[in-house]
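# Predicted model, plus sequence, below.
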Amino acid sequence: MNNQYSEEEYKLIDWFKSNLFNILTGIFLGFILIFSYKYYNDSIENEQYTLSQRYQAAISKSNEQDTDAILILSNELEKSNPNNIYTAMTNLYASKILVESNNQSDAQQKLNFIIENSDVDEIKIIAKLRLARLYIHQKYFKKAKTLVLSVPQYEDNPLFNEILGDIEYANNNIPSARRYYELSLDGDLVPNKRKIIENKLSSIN
């Protein structure tokens, strides 16, 4: 029994000797993978921190009436980080600035960029909401309606119901407009928005 055990032990030692290089190579590669993954995660975190700082700095400048800072950052991030959340957030802010300066075409481009590139569904929904309102302002009612209907479960969102009500009202479909405004009022709205929709509804009753 002891001889058999010793023989198996020697076989194991021989196997280790024969495969030592492969074992050490595997361990070395494992360490490389672990450290590479850690380095990658650290790089991503550092990049996000840097973008966060730049975004906050641009917002601060914008609040001081230097709106070019946001627009410059927006254009830069579209090229370097199209899918990043800070690119989407910067573009939302940039689109607001552009609308206020009556540059609706560029505002539309910023919102479309978010819709096409962002990985964050919540931000894409905000972009679609703003773009639909912009279409209504431009009297592109069909585009606005198509955009709203493309949003999953749009019927559960009171703000999208309000937009559909505006579209129906603009097309003189009063019963449909009334129905959408009533659906909107069934949702969770801030007091000011609720008052606006109530005024819209009372104006067509």
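Noted; the coordinates are in hand. From a predicted model like this one, the values you see are computed outputs, not experimental measurements.

# Spatially central residue in the protein, please.
What sits nearest the mean C-alpha location of the chain, by CA atoms, centre = their mean, is residue 120, with 3.1 Å.

# any idea how far the residue nearest to residue 150 when sequence neighbours are not counted lies from residue 77?
Leaving out its chain neighbours, the residue that sits closest to residue 150 by CB to CB, 6 or more residues apart in numbering is residue 128, at 7.3 Å. (C-beta placed from N, C-alpha, C; glycine too.) Separation of residue 128 from residue 77 (CB to CB, to the nearest Å) stands at 20 Å.

# okay, now the residue nearest to residue 150: neighbour count?
Neighbour count for residue 128, taken as other CB atoms under 10 Å: 22.

# what do you get for residue 143?
15.

# ok, now residue 165?
Applying other CB under 10 Å, I find that residue 165 has 25 neighbouring residues.

# Thought residue 173 was touching it, still the case?
No. With contact defined as CB atoms under 8 Å, residue 165 does not count as touching residue 173 (9.6 Å).

# re earlier: let me see the contact set for the residue nearest to the centre of the chain.
Neighbouring residues of residue 120 by CB atoms under 8 Å, 6 or more residues apart in numbering: 85, 88.

# List phi and psi for it.
Dihedral angles phi and psi of residue 120 (degrees, to the nearest 10) take the values phi -100, psi 110.

# wait, residue 117 sits on residue 85?
No. Here residue 117 does not reach residue 85: they are 10.8 Å apart, not a contact under CB under 8 Å.

# which residues in this structure form strands?
For the chain, applying DSSP state E gives no strands.

# can you give me the helices in it?
2-63, 68-80, 85-100, 104-117, 121-137, 141-149, 158-170, 174-185, 191-204 (DSSP state H).

# any chance of these in CSV, plus mean pLDDT?
CSV is the format used below for the helices of the chain (pLDDT from 0 to 100):
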stretch, mean pLDDT
helix 2-63, 67
helix 68-80, 93
helix 85-100, 93
helix 104-117, 95
helix 121-137, 94
helix 141-149, 95
helix 158-170, 95
helix 174-185, 95
helix 191-204, 93
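
# one step back: tell me the spacing between the residue nearest to the centre of the chain and residue 92.
Distance from residue 120 to residue 92, by CB to CB: 11 Å.

# what does residue 166 give?
In terms of CB to CB, residue 166 sits 21 Å off from residue 92.

# Give me the distance between the closest residue in space to residue 176 that isn't next to it in sequence and residue 197.
If the residues on either side of it in the chain are set aside, residue 176 comes closest to residue 168, at 4.0 Å by CB to CB, 6+ apart. Separation of residue 168 from residue 197 (CB to CB) stands at 13 Å.
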